[in-house]
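# Pasted the sequence and its predicted model underneath.
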Amino acid sequence: MAPLDAALAATEPAAKPLRHDTIRHSLLGREAEAWEAVRSLGKFIRRPCDGVMLANADALEWLDEVPEDLISGIVTDPPYGLIEYEDKDHSKLREGRGGVWRMPPAIGGVERSPVPRFTVLTDADRKRLERFFQAFAERALRALTPGGHLMIASNPLLSTTTFACFEQAGFEKRGEIIRLVQTLRGGDRPKGAEGEFKEVTVMPRSCWEPWGLFRKPLSEKTVAANLRRWGTGALRRISPAEPFRDVIESAPTRASEREIADHPSLKPQKFMRQVVRAVLPLGVGVVYDPFVGGGSTLAAAARVGYKAIGTELNADYAVLACRAIPRLRSIHPEE
């Protein structure tokens, strides 16, 4: 049984049951219309692979042009604090001189990746962060189909501020997806006084990453009816016997993937394939990533057979993602 047939078979019958092939035809037609509509938006660099398009564009400006109720799902890993990817601080990252980016020392001969220090954000930085995500949430709500889900990464220091913006915009919070990942962020002794305070850690060692899970309100009376009309309103199960879960164990991004896409916040394909697959309950529709970065979301969408489009403001990263997506899609086929 096809994924769409299996999902529809599990829903309650409509008052006037529709044939599965009629529903399939309607949803695939809607997907084709959405795909054709987004093709004309923004300046597309190219199609990195079949079913994927990428625009070198500002996400907010791009969303302003998207017709209402068009995108079926959004999965994204945004700049958590905004300032880390602005020219001033990002230039310092590339030069290895710090700024908001912390350049940790090597441990046991292993060089640690730089991480942004969100504890240095000022009140003004946080207010600007709030305004940005409020503007993004309002536009995302308009662009999503009724019942469409949005999954957005954050970190424990900023997630409360960020996630509140989506509820204020009108999204329903449907929980959080916890990515269990052991990293080297945090756990350090006071800088310059490590010997004096051997039993002190300034912050806990980070072992998890929160992903906010939000849904645009349904237009229909039931989830089943919304699935039949829009193909959205729920999450895709891992299998008929196993639901999608909100805790996912995840290793840090492998070196083999970082060699393909040298982006500071590249997420691993094994994790991204799971969350991207879940966002389209019937496997039909268009997925959008507003902040493409190294291309991990779009590569995961291509791997699971979804149509996906993304925007990336930084031209260098847009080019990087276009080159990386086909290779990331093909890596680790056993997953």
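Perfect, I can see it now. Numbering: from 1, shown residues only.

# for the most far-flung residue of the chain relative to its centre, what are its contacts?
Distance from the centre of the chain peaks at Glu196, with 41.5 Å (Cα atoms, centre = their mean). Residues near Glu196 by Cβ atoms under 8 Å, 6 or more residues apart in numbering: Pro190. C-beta coordinates here come from the backbone N, C-alpha and C atoms, glycine included.

# again, only using 10 Å
Contacts for Glu196 (Cβ atoms under 10 Å, 6 or more residues apart in numbering) come out as 189-190.

# mind checking the SS state of it?
coil (DSSP: H, G, I helix; E, B strand; the rest coil).

# pLDDT score for it?
Listed pLDDT for Glu196 reads 90.

# residue ranges with poor pLDDT in the stretch 101-250 of the chain?
Residue ranges of the stretch 101-250 of the chain with pLDDT under 70: 101-120, 184.

# ok, which stretches of it are strands?
Taking DSSP state E, counting those that start in this stretch, the strands of the stretch 101-250 of the chain run over residues 101-102, 115-116, 144-153, 172-180, 208-215, 247-249.

# how near is the residue farthest from the centre of the chain to Asp188?
Distance of Glu196 to Asp188, computed by Cβ to Cβ, to the nearest Å: 14 Å.

# ditto for Met151
Computed as Cβ to Cβ, the Met151 to Asp188 distance reads 30 Å.

# Have a look at these two and say which one is more surrounded.
Met151 (22 against 16; other Cβ atoms under 10 Å).

# Report the contact partners of the more buried one.
Applying Cβ under 10 Å, 6+ apart to Met151 gives the contacts 73-77, 174, 176-177, 211-214, 235, 275-276, 278-279, 297.

# In space, what's closest to it - neighbours in sequence excluded?
Val75 (4.8 Å; Cβ to Cβ, 6 or more residues apart in numbering).

# Need the residue closest to the centroid of the chain.
Closest residue to the average C-alpha location of the chain: Thr76 at 2.0 Å, with Cα atoms, centre = their mean.

# bridging residues for that residue?
Beta bridges link Thr76 to Ile152 when assigned by DSSP bridges.

# How about Pro326: what's its closest non-neighbour residue?
Cys49 (4.6 Å).

# how far away is that neighbour from Thr22?
Distance of Cys49 to Thr22, given as Cβ to Cβ: 31 Å.

# More neighbours: which of the two?
Taking other Cβ under 10 Å, Cys49 and Thr22 do not tie; Cys49 has more neighbours (19 against 11).

# Surely that one is in contact with Tyr306?
No: between Cys49 and Tyr306 there is no contact under Cβ atoms under 10 Å: 11.9 Å.

# Spell out which residues are contacts of both of the two.
Leu298.

# ok so Gly310 is a strand residue?
Yes: counting by three-state DSSP, Gly310 is found in a strand.

# Quick one: neighbours of it, just the number.
Around Gly310 there are 28 other residues, counting by other Cβ under 10 Å.

# While we're on it, how confident is the model there?
So, for Gly310, pLDDT stands at 96.

# Identify the bridge partners of it.
Leu54, Asp289.

# My read is that it contacts Val52, right?
Yes: Gly310 is within contact range of Val52, at 7.8 Å (criterion: Cβ under 10 Å).

# overlap in contacts of these two?
By Cβ under 10 Å, 6+ apart, the residues touching both Gly310 and Val52 are 287, 289, 295, 297-298, 301, 321, 325.

# From those, which land in strands?
Members of the shared contacts of Gly310 and Val52 lying in strands (criterion: DSSP state E): 287, 289.

# And the furthest pair within the shared contacts of Gly310 and Val52?
The most widely separated members of the shared contacts of Gly310 and Val52, counting by Cβ to Cβ, are Val287 and Ala321 (14.8 Å).

# buried sites along stretch 159-166?
159, 161-166 (16 or more other Cβ atoms under 10 Å).

# what's the closest of those residues to Ala124?
Thr161 (13.4 Å).

# thinking that closest one is in contact with Arg126, fair?
Yes: between Thr161 and Arg126 there is a contact under Cβ under 10 Å: 6.3 Å.

# Could you look up the SS state of Gln274?
helix.

# ok, now how distant is the nearest residue to it once chain neighbours are set aside from Ala193?
Closest residue to Gln274 apart from its sequence neighbours, by Cβ to Cβ, 6+ apart: Ile248 at 6.0 Å. Here Ile248 is placed at a distance of 37 Å from Ala193 (Cβ to Cβ).

# With neighbour numbers in mind, choose between those two.
Ile248 (18 against 10).

# residue contacts, the more buried one?
By Cβ under 10 Å, 6+ apart, Ile248 lies in contact with 177-181, 209, 211, 270-271, 274-275, 278.

# Find the nearest non-adjacent residue to Asn181, please.
One correction, residue 181 is Val, not Asn. Among residues not flanking Val181 along the chain, Ser250 sits closest, at 4.7 Å (Cβ to Cβ, 6+ apart).

# residues in contact with that neighbour?
Applying Cβ under 10 Å, 6+ apart, we find Ser250 in contact with 178-182, 208-209, 267-268, 270-272, 274-275.

# do that again at 8 Å, thanks
Ser250 neighbours (Cβ under 8 Å, 6+ apart): 179-181, 268, 270-271.
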